[in-house]
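**Student:** Sequence plus predicted model, see below.
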Amino acid sequence: MKNALVVAGLLAAPFATSVQQYHAQPTVDQNDPRLSQLKKFFADRDCPLKDSARDFLVAADQNELDWRLLPSISMIESSGGKDYRNNNVFGWASCKERFPSVRAGIHYVAAQLGKSSRYKDKDTDRKLRIYNPLPEYSQRVKAVMRAIGSCSQPQVLTAD
């Protein structure tokens, strides 16, 4: 019987490690000033995306984006979640892209802007020129970014 317990213990070890890795996803602390700043920005404009503020920050931090970029694009493209379809608050792929949820869309677009070969290693201005080449588009998005607040370093935490 002792041998059976040892074998069972060895088989369970890799599973426990993978569960820990799954739970160690980046998160945003409730006291992160960016969170309250973004919620307030959306709330002051009566935008439905105020409930997605944490998702915007996590997605930006995971993909090394300016934390104000995604919310700003969503303001230009969907008025902060007031007018969109297919859970696509970014107008991604000329609004033809369908996402299973707004959260999924946030994380997908963040990953594209941060890690795809088309956008990776480009500064915000170059990313915006690729996203929408109209000269006024970049200026509009950056004006919203300034309205949201100053750029500060991400405050990523990992869950225990």
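**Tutor:** It's in. Numbering: from 1, shown residues only.
**Student:** Would you list the phi and psi of Val28?
**Tutor:** Reported as degrees, to the nearest 10, the phi and psi values for Val28 are phi -120, psi 130.
**Student:** Wait, it touches Arg54, no?
**Tutor:** Yes - under the criterion of CB atoms under 8 Å, Val28 makes contact with Arg54 at 5.3 Å. Quick note: C-beta positions are derived from backbone N, CA and C, even for glycine.
**Student:** Mind checking which of those two has more residues around it?
**Tutor:** In this view Val28 and Arg54 are compared by other CB atoms under 10 Å, and Val28 has more residues nearby, 22 against 18.
**Student:** Could I get the contacting residues of the residue positioned nearest the centre of the chain?
**Tutor:** Computing the C-alpha centroid of the chain and ranking residues by CA atoms, centre = their mean puts Ala59 first, at 2.4 Å. For Ala59, the contacting residues are Leu65, Leu70, Ile106, His107, Val109, Ala110, Ala111, by CB atoms under 8 Å, 6 or more residues apart in numbering.
**Student:** got a list of what the second one touches?
**Tutor:** Which is Leu70. With contacts defined as CB under 8 Å, 6+ apart, the neighbours of Leu70 are Phe56, Ala59, Ala60, Phe90, Ile106, Val109, Ala110, Leu113.
**Student:** Can you tell me which of those is closest to Leu128?
**Tutor:** Among the contacts of Leu70, Leu113 lies closest to Leu128 (CB to CB), at 9.5 Å.
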